[in-house]
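> Could you work out the structure for the sequence below:
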Amino acid sequence: MPKSIPTHRLKSSVLVSVLGAAAGGGFPQWNCNCDNCRRLRAGTLRAKARSQIQVAVSADGRAWHLLGASPDLGKQIESNPCLHPRLGLRDSPIASVVLTCAEVDQSLGLLLLREMHSFAAYATASVRDILRDDNRMFGMLHRAPEQVTWHTVTPGTPFEVEAGLQLEAIPMEGGYPSYVGAGRLARCRADEAVVGLSVRCDGRTMLFLPGVPGIDDGLLARMEESDMILLDGTFWSDDEFIRVWPEARTARAMGHLPISGPGGSLERLAVLQRPRKVYLHINNTNPILDEDSPEHRAVREAGWEVACDGMTIEL
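Numbers count the residues shown, from 1 in each chain. Here you go, the predicted structure:
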């Protein structure tokens, strides 16, 4: 069961709830028979099942802001009491959703919030237009006036989702989903396709970076100045997915810096001293899911945590 989170408090830090820690498809993935998924189902793998990536943050334990919108969001809400209705017949503490991209595994959950609950949606202009204007299904979010209020996010420009809780979109190298048509792509900005998020409250900062193709000196400096980073831990090695599924692409070709190897995140971030370091968005093939594996031991000995569903943190 998730740890209890206070329902009200003074704003002095950031409450973070990891509702889902896996990459797209979850763990085990419904149609996957890889070693990890097969052994987890058989009960012979010391590992925890994980739903698709979803993080919620709050400054007071009352209003919660979703970072992304997971396809597993309905189940995640029911599994986390901090997101349950509290007042009246229809209610939710979910005040906003902040999107980092238009990928299905990080935006489809918006449709699960269609039952006439009013909330704010934050996205770059390009991502907003792809979802709101190009896809008729998302019209379900606009059946009533002010059902969902969209706010345009400009990378590099801080914005507040509530008084005292400030976010900033950090542009990442990455492309738009394959379902986006050529006409729309021609009107989209490259720096609006994939963003990470800086979350700040009363001088405490968390970086939410689920899709990171590389780490330059500027991003490294941001990390050192932060109190915690939730970082892309999709693949252990660059060829991990290819070894399981030969038709796949490498981790780097998919926009994910691998954990291991020369220039991998484990090596690149060994210099970090200040932040708490947590891997999330973990693919079902990643050996760090196996708590008895040398890969899991290596990340733990390097000072990293491996996120799991129900993990709660107060910065």
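> so what does the one helix or strand in the chain whose mean pLDDT sits lowest touch, helix or strand wise?
One helix or strand of the chain scores below all others by mean pLDDT, DSSP states H and E: helix 240-244, with a mean of 93. Where contact means 3 or more CB pairs under 8 Å, 6 or more residues apart in numbering; DSSP states H and E, helix 240-244 is not packed against any helix or strand. For glycine as for every other residue, the C-beta is placed from the backbone atoms N, C-alpha and C.
> begin at 6 from here
Let's use 6 as the start, then, which means that last one is helix 245-249.
> distance between that helix and the chain's centre?
What separates the centre of helix 245-249 from the centre of its chain is 23 Å, taken as CA atoms, centre = their mean, to the nearest Å.
> which residues sit against that helix?
Surrounding helix 245-249, the residues in contact under the criterion CB atoms under 8 Å, 6 or more residues apart in numbering are Cys39, Phe240, Ala253, Arg254, Thr255, Ala256, Met259, Pro263, Asn288, Thr290, Asn291.
> buried set for the next helix or strand along the chain from it?
Next along the chain after helix 245-249, taking DSSP states H and E as the criterion, comes helix 270-273. Within helix 270-273, the residues that qualify as buried are Ser270, Leu271, Arg273, counting by 16 or more other CB atoms under 10 Å.
> next SSE after helix 270-273?
Next along the chain after helix 270-273, with elements defined by DSSP H and E, is strand 281-285.
> mean confidence score for whichever helix or strand comes after that following strand?
For strand 281-285, the following helix or strand on the C-terminal side (DSSP H and E) is helix 299-306. Model confidence over helix 299-306, given as mean pLDDT, is 98.
> mind listing what's buried in helix 299-306?
For helix 299-306, burial by neighbour count (16+ other CB under 10 Å) applies to Glu300, His301, Ala303, Val304.
> what's the closest of these to Asp207?
Val304 (30.0 Å; CB to CB).
> Find the nearest non-adjacent residue to that closest one, please.
Residue nearest to Val304 in three dimensions, not counting chain neighbours: Ile293, with 5.6 Å by CB to CB, 6 or more residues apart in numbering.
> That neighbour reaches Ile287, doesn't it?
Yes - at 6.7 Å, Ile293 counts as touching Ile287 under the criterion of CB atoms under 8 Å.
> The residue nearest to Val304 and Glu178, how far apart?
Distance of Ile293 to Glu178, given as CB to CB, to the nearest Å: 24 Å.
> Which one of those two is surrounded by more residues?
Set Ile293 next to Glu178 and count neighbours by other CB atoms under 10 Å: Ile293 wins out with 24 against 14.
> Who are the contact partners of Cys39?
Contact analysis of Cys39 by CB under 8 Å, 6+ apart lists Val249, Asn289, Thr290.
> And for the first one, the neighbour number?
Other residues lying near Val249 total 16 when counted by other CB under 10 Å.
> repeat for the second one
Under the neighbour criterion other CB under 10 Å, Asn289 is assigned a count of 22.
> who touches it in this structure?
Ala27, Ala28, Gly30, Gly31, Phe32, Pro33, Gln34, Cys37, Cys39, Asn41, Cys42.
> Save these as a markdown table, and put in distance to Leu277, pLDDT and secondary structure too.
Formatted as a markdown table, the entries for the contacts of Asn289 read as follows, by distance: CB to CB, whole Å; pLDDT from 0 to 100; DSSP: H, G, I helix; E, B strand; the rest coil:
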| residue | distance to Leu277 | pLDDT | secondary structure |
| --- | --- | --- | --- |
| Ala27 | 24 | 98 | strand |
| Ala28 | 23 | 98 | coil |
| Gly30 | 30 | 97 | coil |
| Gly31 | 29 | 98 | coil |
| Phe32 | 27 | 98 | strand |
| Pro33 | 32 | 98 | coil |
| Gln34 | 31 | 98 | coil |
| Cys37 | 33 | 97 | coil |
| Cys39 | 31 | 97 | coil |
| Asn41 | 28 | 98 | helix |
| Cys42 | 32 | 98 | helix |
